[in-house]
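*Asks:* no FASTA, just this:
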């Protein structure tokens, strides 16, 4: 009997630890507005010679309208050309089950250049806000993503998702493939 109780407690403990906790950077509710934004989550990292590139996602619920914030951070010893988002920019999510989900850009923007004199690096940051369509989110909640394709103003770039990502510059282990499976519930 004791073995059964101990086994049951272990299973409950493992299940509780496996669940993803929703963490919010912003959570505001007033009489007239509601805003909730999850913390930034590392989706992609490329570290090649003197150039590093990071792509992070966060989810936003603004008065019932759902957005995906995508932030591209590039750092290099060389000049980094600007990336821009325009009215035709989109994010395509290729799911592991073969379906494609499209998010539409909500505002025009270009990456901002900052020069770090101390490290002699150019840094570019681009923030994009992509609107979820009114489609059903059930496929995003169930199926991992295999590729994120971002259509910028002048080019299209594919980011291949990893099952697990351990960054040298961001603490922790990330599960990019399952981002929507794990976190979409946080804003619904």
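*Replies:* That came through, no problem. On a predicted model such as this, the values are computed, not experimentally measured, just so you know.

*Asks:* so residue 56 versus residue 137, what's the distance?
*Replies:* Going from residue 56 to residue 137 by CB to CB, to the nearest Å gives 20 Å. In this view, the C-beta of every residue, glycine as well, is placed from N, C-alpha and C.

*Asks:* and these two? Which one has more around it.
*Replies:* Ranked by neighbour count (other CB atoms under 10 Å), residue 56 and residue 137 place residue 56 first, with 19 against 16.

*Asks:* quickly list what the more buried one is bridged to.
*Replies:* In this entry, residue 56 is beta-bridged to residue 42, residue 71, by DSSP bridges.

*Asks:* check the one 4 residues further on too.
*Replies:* Residue 60 forms beta bridges with residue 37, residue 67, as assigned by DSSP bridges.

*Asks:* tell me if I'm right that it and residue 40 touch.
*Replies:* No: contact criterion CB atoms under 8 Å: residue 60 and residue 40 do not qualify, at 11.4 Å.

*Asks:* comparing the two, which residue is more hemmed in?
*Replies:* Set residue 60 next to residue 40 and count neighbours by other CB under 10 Å: residue 60 wins out with 20 against 15.

*Asks:* contacts only, for the more buried one.
*Replies:* Neighbouring residues of residue 60 by CB atoms under 8 Å, 6 or more residues apart in numbering: 35-38, 66-69, 129, 187.

*Asks:* give me the most central residue, the protein.
*Replies:* residue 57 (2.0 Å; CA atoms, centre = their mean).

*Asks:* hang on, that one packs against residue 69?
*Replies:* Yes: under the criterion of CB under 8 Å, residue 57 makes contact with residue 69 at 6.9 Å.

*Asks:* looking at this protein, which helix or strand does the model trust least?
*Replies:* Ranking every helix and strand in the chain by mean pLDDT, DSSP states H and E puts helix 2-18 at the bottom, with a mean of 37.

*Asks:* now residue 183: which helix or strand?
*Replies:* Assessed by DSSP states H and E, residue 183 sits inside helix 179-183.
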